[in-house]
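Trainee: any chance you could fold what I've pasted below:
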Amino acid sequence: MSITPLVSKVCLIAAPPLAIFLSSVQPANAEESTFLWEIESPNNTVYLLGSIHLLRATDYPLPRSIQAAFDDAETVVFEIDIADSESPQTLETFVRAALPDSPEEVLPNALDDKTYRLAEETAAEMGIPFTGFQGFEPWAFYLSVTGFQALHLGFEPQYGVDAYFFNQANQANKTVLALETVEEQLGFFDTLPVSVQADLVEQTILELDTFETSIETMVDAWKSGDIIEFERVTLDGFVDFPEAYEALLVQRNQNWLPDIESFINQSEDYLVIVGAAHLVGEDSVIKLLQDKDYTVQQMGHN
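Mentor: Got it, this is the predicted structure:
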């Protein structure tokens with residue numbers, strides 16, 4: 001389980017001043033770009049790969065440059081340890097995080113009557129056991145709805161970029177690291193104000209009809225390395241959710257920066273794989289590195 005991964009709508013960020021941002025990224029040819037960047041030092045190379053965490057088998061093979069970056073890296077770094085996310089303890093961690101601290105945070109009390117009825121109807125239509133969420137905070141239901149809808153459309157975690165390279169890393173006996181724990185990831189949702197969680201539930205339900213178009217457009221933009229289109233589809237819709245933007249992207253990007261900096265100038269090469277939304281925008285990992293005078297080059301397909 002990973003949080004930016006489930007769908008585009010989990011990634012919350014305002015669009016940056018694109019002319020300034022894109023001029024500093026040094027992109028490859030727009031028709032040949034990927035969501036892969038590299039930082040070269042005198043001693044090593046650190047690759048940054050933006051992941052789509054749920055994909056389809058038909059979305060493979062990946063561009064040769066992405067596979068080459070994996071082959072070159074001795075260490076592969078993920079948001080979380082994929083093995084941990086697939087363990088039985090993850091469900092227990094999820095349940096603990098989703099339990100409310102007060103009666104006001106429980107799903108039936110957090111949603112207004114109209115949204116509650118919509119949530120109940122949506123769950124019934126999707127085959128989600130709505131009664132199982134009555135004792136949880138709204139974010140648990142929100143993630144389940146988006147996850148179920150993605151799965152219904154054929155987007156599965158087993159084909160996500162993270163899972164794909166995690167399996168390859170194990171087969172190749174590469175060193176695997178994680179930037180945060182499952183508990184820490186879920187905690188970013190748990191800290192959202194309950195009113196924001198309720199708004200996310202409402203918006204997700206109201207936009208389910210356009211979900212397929214949004215996710216298809218997002219994947220197409222990711223495949224072509226189209227930063228502008230990717231931001232438009234995944235990020236612009238959440239300018240009204242500054243708390244979620246801060247918790248899910250800004251804070252985590254800042255938390256990861258020291259680790260990523262520590263990889264630079266090591267003797268071995270690193271491939272860092274994080275949700276693609278973390279690599280675009282004015283508060284992105286890319287921008288944070290550029291602000292520290294690192295040269296970050298977007299790579300092409302070959």
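Trainee: tell me how many other residues surround the nearest residue to F136 once chain neighbours are set aside.
Mentor: Spatially, and ignoring its direct neighbours in sequence, F136 is nearest to A98 (4.1 Å; CB to CB, 6 or more residues apart in numbering). The C-beta positions use only the backbone N, C-alpha and C, and glycine is treated the same way. Using other CB atoms under 10 Å, A98 has 22 neighbouring residues.
Trainee: now do the residue nearest to I260 when sequence neighbours are not counted against V239, distance only.
Mentor: Among residues not flanking I260 along the chain, V272 sits closest, at 6.0 Å (CB to CB, 6+ apart). For V272, the distance to V239 (CB to CB, to the nearest Å) stands at 27 Å.
Trainee: more crowded one of the two?
Mentor: Applying other CB under 10 Å to V272 and V239 shows that V272 carries more neighbours, namely 25 against 12.
Trainee: hang on, isn't the more buried one packed against L49?
Mentor: Yes. Applying CB atoms under 8 Å as the test, V272 and L49 come out as touching, 6.9 Å apart.
Trainee: measure A110 to Y116 for me?
Mentor: 9 Å.
Trainee: more crowded one of those two?
Mentor: Legend: neighbour count by other CB under 10 Å for A110 and Y116, higher for A110 (22 against 18).
Trainee: read off the pLDDT value for the more buried one.
Mentor: Note on A110: pLDDT of 98.
Trainee: what helix or strand is T115 on?
Mentor: Using DSSP states H and E, T115 sits within helix 113-126.
Trainee: residues of the next helix or strand after that helix that come out buried?
Mentor: The C-terminal neighbour of helix 113-126 among helices and strands, as given by DSSP H and E, is helix 138-152. For helix 138-152, a neighbour-count test (16 or more other CB atoms under 10 Å) marks 138-150 as buried.
Trainee: turn the residues you listed into CSV, including pLDDT and distance to D162.
Mentor: Below are the buried residues of helix 138-152 laid out as CSV (pLDDT from 0 to 100; distance: CB to CB, whole Å):
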residue, pLDDT, distance to D162
P138, 97, 26
W139, 96, 21
A140, 96, 22
F141, 96, 24
Y142, 93, 21
L143, 93, 17
S144, 93, 20
V145, 94, 21
T146, 92, 17
G147, 92, 15
F148, 93, 20
Q149, 94, 20
A150, 94, 14
